[in-house]
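Q: No letters, just coordinates:
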């Protein structure tokens, strides 16, 4: 058995449809996008405008044709006025109120006895929805409405307000966030009226926002008369809340607002907008407005136009007044002509176009978080955090993911953008990459992120080349972030590097990755995917430190022979790192790891010297560090502060050999000779890694790098 859904109207009907799907799938029906294959067709109606009702009436002939071919049950729910029920009953086999959804199985069973009885479904809110999306969800918090606006059918079709228990809402939100949902919208006809005992909407929003995770939070719809100071305070401090407010004004004239029974004035509305924008940075504001309400004069409409100009909306949903049976306004003469309604809608739309375009222009050049909704023909389509449509070119489909996008152009109803540009400066040890990165950062307003696997450790300065004086005022990130007594992995670094990149982009500056740790750089540029280790894998990870270097090598040879053949057999830390990759991903280092191209546009520049020149630079730098800069004293301090000789041995190079020297295992001349040779071998291994990456563009000096970067940045 198959079912097909037809949905008209607002977010609430979309949310209803997901609960309907939950019920009918439990009955044994499977969803189909082809109405011709359906045994059960369910329509969710919207009675806000007559046009939607007319479209539903138009389904009658189609249903009749289907029923001639096969048995089909047709069902209607959603917002249906009593005055429409009689005519609708000619089209549908079954009509039920939204709140009666738990009764749907038994109602269908009365029509088709073959349907098996269902167990108790509780009330409407107890029903588990079948979400249409894997990353975006509507969570209903309140149904019905008590406001009785003169033009609105909702109190008659949805009934009075019923707030959903707060704990039930929080449970659904926690589950969605646990499953990786990226956007949660709390919905109701008037969310501001929500109350569960002593929990108001403001306190509910705060509780949802306090759930940890990576997600956006929004809500709709608010009524201006109920938007409280408490809510604005919560909005100003919320971590996950989108800087977006939909606040329906409906009209900008006080007399018309009274006739609509809106219970606020234009002045009060404007004050709310000012407070909201003062509370929430970069707030985008949208609204609903009705033109041609009964007796609305040209002067009264002009007041609405003036309000539109004062607010500078980002978006507005405009409607020509349509009388709905049963509402208070339906008793008034619909005395504004269709032609005049169209004229007024056109004028408001023109004001909106100008304000929306002006607001969007402010975003050009800025980098914004974007949730991608779809991908087609080489373009990602999504929405910025302040709810603006945006399109950008991409070779990857990032649907359902957050990305940072630089806004490059705009129009009234949306934005165009590009993936942010990131510069990478890499190369062998002693190649001068740090000096180059610092010069480039000064030239191109950049901030540097270290990609050196040892610069992350506190107190390891001279041996890792932290040229602190050289950095000057250039921000240099991810140095001194870890305790040298503890293990810090590429997984830790990658996570922190992505965070720093986004922080730098938000400041409007160029992120520059600088370092010679090939795995670190590759994990970022090529998007290595590290997964959470299983319980057994974590147990294996703990065992690694207790194994001898020989035992570690045997384990590495067994699981990753290609890496075993080229790895430095004396570098315990690198051997452990290669094993960690396997135990964290299930794939060996030589398999290049699982990759998902990160949402950035990278330019990788490499710098090095001819082998003999590089050897001379390595030797000179080593002597300077030993005899002028105090490298031996630095390593003495590390040991004195609790870093064991075993741990120093794991760090390799300077820390290994000077550690041996301090223990009396080698004399000073042997230290210099052996360490110089080890660093040269290390540089050779670095080049072996870098040569495998054909995306690296090699340069000789600053001038050559500058030209390539100018071309890259456009």
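A: Everything's here; your move. Fair warning: this is a prediction, and the values are worked out from it, not measured in the lab.

Q: Residue 656 - how many residues pack around it?
A: Residue 656: 22 surrounding residues under other CB atoms under 10 Å. The way it works is simple: take the backbone N, C-alpha and C, and place the C-beta from them, glycine included.

Q: Now it: which helix or strand?
A: Using DSSP states H and E, residue 656 sits within helix 653-662.

Q: State the mean pLDDT of that helix.
A: Throughout helix 653-662, pLDDT has a mean value of 97.

Q: That helix packs against which elements?
A: Judged by 3 or more CB pairs under 8 Å, 6 or more residues apart in numbering; DSSP states H and E, the packing partners of helix 653-662 are helix 631-640, helix 645-651, helix 668-691.

Q: now for the shortest one, which elements pack on it?
A: Helix 645-651 is packed against helix 572-585, helix 631-640, helix 653-662, with contacts defined by 3+ CB pairs under 8 Å, 6+ apart.

Q: Reformat those helices into TSV and put distance to residue 668 next to each item.
A: Formatted as TSV, the helices and strands packed on helix 645-651 follow (distance: least, CB to CB, whole Å):
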stretch	distance to residue 668
helix 572-585	24
helix 631-640	9
helix 653-662	7
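
Q: Which one, of those, ends up nearest to residue 296?
A: Proximity to residue 296 (CB to CB) singles out helix 572-585 among those, at 64.8 Å.

Q: list the buried ones in the helix or strand that the closest one is followed by?
A: Downstream of helix 572-585, the next assigned helix or strand under DSSP H and E is strand 601-607. Residues of strand 601-607 classed as buried: 602, 603, 604, 605, 606, 607 (neighbour count, 16 or more other CB atoms under 10 Å).

Q: With adjacent residues omitted, what lies nearest to residue 502?
A: Spatial nearest neighbour of residue 502, chain neighbours left out: residue 404 (5.8 Å); criterion: CB to CB, 6 or more residues apart in numbering.

Q: Give me the secondary structure label for that neighbour.
A: Classification of residue 404 using DSSP: H, G, I helix; E, B strand; the rest coil returns strand.

Q: Give me the next element, helix or strand, following the helix or strand bottoming out on mean pLDDT in the chain.
A: Every helix and strand in the chain was compared by mean pLDDT, DSSP states H and E; the lowest is helix 535-544, with a mean of 71. Going down the chain from helix 535-544, the next helix or strand is helix 549-559, by DSSP H and E.

Q: what's downstream of that following helix, the next helix or strand?
A: Remark: after helix 549-559, the chain's next helix or strand is helix 561-566, criterion DSSP H and E.

Q: elements contacting that following helix?
A: Partner elements for helix 561-566 (3+ CB pairs under 8 Å, 6+ apart): helix 549-559.

Q: Residue 459: neighbouring residues, count only.
A: Residues near residue 459, counting by other CB under 10 Å, number 15.

Q: ditto for residue 613
A: 11.

Q: now it, what's its secondary structure?
A: Classified using three-state DSSP, residue 613 is helix.

Q: so which strand or helix has residue 44?
A: For residue 44, the host element (DSSP H and E) is strand 40-45.

Q: right, and the helix or strand after that strand?
A: Once strand 40-45 ends, the next helix or strand along the chain (criterion: DSSP H and E) is helix 50-57.

Q: who touches that following helix?
A: 8-9, 43, 45-47, 76, 84, 87-88, 91, 322-324 (CB atoms under 8 Å, 6 or more residues apart in numbering).

Q: Could you check the angle that helix makes with strand 40-45?
A: 170 degrees (axes from the mean of the first three to the mean of the last three CA atoms, to 10 degrees).

Q: Could you list the buried residues of helix 50-57?
A: For helix 50-57, by 16+ other CB under 10 Å, it's 52, 53, 56.

Q: Quick one: residues contacting residue 4.
A: 31, 32, 33, 34, 35, 37, 38, 40, 41, 42.

Q: Over to residue 331?
A: No contacts exist for residue 331 under CB under 8 Å, 6+ apart.

Q: Just the pLDDT at it, thanks.
A: According to the prediction, residue 331 has pLDDT 95.

Q: hmm, back to that, tell me which of the helices and strands packed on helix 653-662 sits nearest to residue 365.
A: helix 668-691 (33.5 Å).

Q: Counting by contacts, list what that closest one packs against.
A: Using 3+ CB pairs under 8 Å, 6+ apart, helix 668-691 sits against strand 421-427, helix 518-525, helix 611-627, helix 653-662.

Q: 10 Å - rerun?
A: Using 3 or more CB pairs under 10 Å, 6 or more residues apart in numbering; DSSP states H and E, the elements in contact with helix 668-691 are strand 421-427, helix 518-525, helix 561-566, strand 601-607, helix 611-627, helix 631-640, helix 653-662, strand 696-699.

Q: which residues touch the fifth one?
A: Helix 611-627 has contacts (CB atoms under 10 Å, 6 or more residues apart in numbering) with 427-432, 462-463, 465, 608-610, 629, 631-632, 634, 653-654, 658, 661, 668, 671-672, 675-680, 682-684, 687.

Q: which among those end up buried?
A: Neighbour-count burial (16+ other CB under 10 Å) is assigned, among the contacts of helix 611-627, to 427-432, 462-463, 465, 608-609, 631-632, 634, 653-654, 658, 661, 671-672, 675-676, 678-680, 682-683, 687.

Q: need the contact list for the spatially most central residue of the chain.
A: Against the mean C-alpha coordinate of the chain, by CA atoms, centre = their mean, the closest residue is residue 402 at 3.1 Å. By CB under 10 Å, 6+ apart, the residues touching residue 402 are 135, 182-183, 214-216, 369-372, 382, 385, 502, 599.

Q: Return the distance of the helix holding residue 656 from the chain's centre.
A: Distance of helix 653-662 from the chain centroid (CA atoms, centre = their mean, to the nearest Å) equals 46 Å.

Q: could you give the angle of that helix to helix 611-627?
A: Going by the same axes, to 10 degrees, helix 653-662 makes 50 degrees with helix 611-627.

Q: what is the orientation angle of helix 653-662 with helix 668-691?
A: 160 degrees.

Q: so can I have JSON lines of the buried residues of strand 601-607 showing distance to residue 191 and pLDDT?
A: Formatted as JSON lines, the buried residues of strand 601-607 follow (distance: CB to CB, whole Å; pLDDT from 0 to 100):
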{"residue": "602", "distance to residue 191": "42", "pLDDT": "97"}
{"residue": "603", "distance to residue 191": "46", "pLDDT": "98"}
{"residue": "604", "distance to residue 191": "48", "pLDDT": "98"}
{"residue": "605", "distance to residue 191": "51", "pLDDT": "98"}
{"residue": "606", "distance to residue 191": "54", "pLDDT": "97"}
{"residue": "607", "distance to residue 191": "56", "pLDDT": "96"}
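
Q: pLDDT weak spots in the protein?
A: 468, 531-535, 537-538, 541-542, 584-594 (pLDDT under 70).

Q: where do the strands sit along the stretch 401-550 of the chain?
A: 402-411, 414-418, 421-427, 446-450, 476-477, 510-515 (DSSP state E, counting those that start in this stretch).

Q: Can you tell me the strand partners of the third one and which way each runs?
A: Each strand that pairs with strand 421-427, with its direction, by DSSP bridges: strand 510-515 (parallel), strand 601-607 (parallel).

Q: Check the fourth one too.
A: Take DSSP bridges as the rule and strand 446-450 pairs in its sheet with strand 476-477 (parallel), strand 510-515 (parallel).

Q: Residues contacting the shortest one, please?
A: Which is strand 476-477. By CB under 10 Å, 6+ apart, the surrounding residues in contact with strand 476-477 are 434, 437-438, 441, 447-450, 455, 466-468, 470, 496-497, 499-501, 503-504, 511-514.
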